[in-house]
Each structure stands twice: as structure tokens, then as C-alpha cells.
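**Student:** Mind folding the following:
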Amino acid sequence: MSRMPGYAPRDTLLVLDDGYTARGRLLGKPGTALGKLVFNTSMVGYQEILTDPSYAGEILVFTFPLIGIYGATLADAQSGGIHARGLIVGEAQFIPDSWRSDSTLSDLLLFEGITGISGLDTRRLARHLRDCGEMLGVITSELTEAEARSALDNAPDFGAVDYVKEVTGGAADWKFPIWLNSMLMTEPWDLIINIGHVVPHEVLGFANHNKNYFIGVGGKELICAAHMAAARICARSKMCSFAIDVRSC
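**Tutor:** Sure thing, here's the model as predicted:
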């Protein structure tokens, strides 16, 4: 870990719903974060991903080993703040190396009140999530392992919480998160991505009676609609929880 002068690591615990545990060092605000763990394989764009509204209620696991290299800047925010509940990284960089940087990643997490953990083997954790599926987890610098497990036992089911209302303020009838930075639509299928990245292709797939299945990868997104003859894989910040079987399109 690249540390700031005078930085004293604080032991932090990760506990998953299936019993998986790991210990690391505090990143961001001391405290406890509870959410659904998802992993992301992107090598850049960590601030865009953290501020992506589609990650509301989720704890992000970055498989790229070093996060925070170029710090953070307001210009890269995709919304009004961080929507992810927590952050898990292999190694955190506390001294950013970019002229665009307004702050460090750690400072951004502190400002937004986000608790994270560093010093974990995030690729091993990603394989665990890939094999066992997404699940709730707790990052804590203040609870014992028994207390963390109790918090998980008493947590509501992730699917029972309306995170769309949280990120839209309850005023959106479209039921899709809103992004500040929109890509230019150069082809008709871009509209699907532009409306909401991941959610629309799942909705379209179910509505068209396509076969949906869990896909445990991040950084790339499978886009498929009823009128398309083939699927397209695009670079995206969001981990796809589900993909559409192109044979059913």
C-alpha cells in the first residue's frame, strides 16, 4: 500500500453471507458497510464506477490490483455522489499521480462517508463470487465477526429494497437510473445502453421471453435486443448480473 505520511493502518474485516471472511486495512471512513458484493474487472474508471447509480446498495470489488493511481476529480463523477455502499481493493494508492486530481480516492471516500477495505486478494474473492453467486457482505472496522454475522442475518433481502427510488428521488417513471455523462448515440442499439447500461437489456430480454442467465464478469456488457441478429459486447463500467442467451433472440 502506498501510504500518506503519518498514515496508520486500521484492521478491517470482511464477512460474507456464506461464511467467507477476510481481513485487511481500512480504506475511507471508519465504520460499517453492508451491501451486495459484485466484482468489476475494469482497469480504469474507478470513480465513474463508484458514482454510477446502478451500483446503489452494492459493495464493489475491483480485481485490478492497484486502485487510486490517478486520484479523483469532480469532472469524472457520473452523478451527484457515490452510490456504492462500500469498496474492496487489493492495494490502495494514497498519492495520486495525475495533474487532473482534485483529491485522493481515500479522501473522496471519507468525504462521501464510504467504508472500504484494502489488502485483500480481490481476484480470489471475485472467483468466489463467480462460483457462488452475488451475496450480501459486511465491511467493518468496528464490529466483531459475530456482530457482523448478526448484521447480515438481520439485513433485508437485497431484492426487497427499491434502489431505483433511491437514485432517482422517487420521481422517475422510467425506472432507470439517471447518468450525468451520456455517450453519443451513433447506432440504434446505443439507445439501449444510453438509457440505463445494464437494466434495459435484462428488461427487454424478460419481456421478449428470452433466456436470461447469471454471468459473473465485469467491465464488459452483453447487449441484445429483439430486433438484433447478433449480440454486441461493449466496454462498460457496470458488472452484468445477468446476460441474455443470444440463441433465444
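
**Student:** So for Phe111, what's the pLDDT?
**Tutor:** The model reports Phe111 with a pLDDT of 94.

**Student:** Excluding covalently adjacent residues, which one is nearest to it?
**Tutor:** Closest residue in space to Phe111, ignoring its immediate chain neighbours: Ser103 at 7.4 Å, by C-beta to C-beta, 6 or more residues apart in numbering. Placement of C-beta: from N, CA and C, glycine included.

**Student:** list the contacts for Leu37?
**Tutor:** By C-beta atoms under 8 Å, 6 or more residues apart in numbering, Leu37 lies in contact with Leu16, Glu58, Ile59, Val61, Ile88, Leu125, Leu129, Glu134, Met135, Leu136, Gly137.

**Student:** and it, that one's in a strand?
**Tutor:** Yes. Going by DSSP: H, G, I helix; E, B strand; the rest coil, the assignment for Leu37 places it inside a strand.

**Student:** Could you check which helix or strand contains Leu34?
**Tutor:** Per DSSP states H and E: Leu34 is located in strand 32-40.

**Student:** pLDDT of that strand, averaged?
**Tutor:** Here the average pLDDT along strand 32-40 is 94.

**Student:** quick one on the thing from earlier: for PyMOL, write the selection for the buried entries among the contacts of Leu37.
**Tutor:** In PyMOL syntax, the buried subset of the contacts of Leu37 is picked out as below (16 or more other C-beta atoms under 10 Å):
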select buried, resi 16+58+59+61+88+125+129+134+135+136+137
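
**Student:** Just the ones of the contacts of Leu37 in strands?
**Tutor:** Those of these mapping onto strands are Leu16, Glu58, Ile59, Val61, Ile88, Met135, Leu136, Gly137, per DSSP state E.

**Student:** Quick one: the residues you listed as JSON lines, columns for distance to Thr115 too.
**Tutor:** Output for the ones in strands among the contacts of Leu37, formatted as JSON lines (distance: C-beta to C-beta, whole Å):
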{"residue": "Leu16", "distance to Thr115": "16"}
{"residue": "Glu58", "distance to Thr115": "14"}
{"residue": "Ile59", "distance to Thr115": "9"}
{"residue": "Val61", "distance to Thr115": "14"}
{"residue": "Ile88", "distance to Thr115": "10"}
{"residue": "Met135", "distance to Thr115": "18"}
{"residue": "Leu136", "distance to Thr115": "15"}
{"residue": "Gly137", "distance to Thr115": "12"}
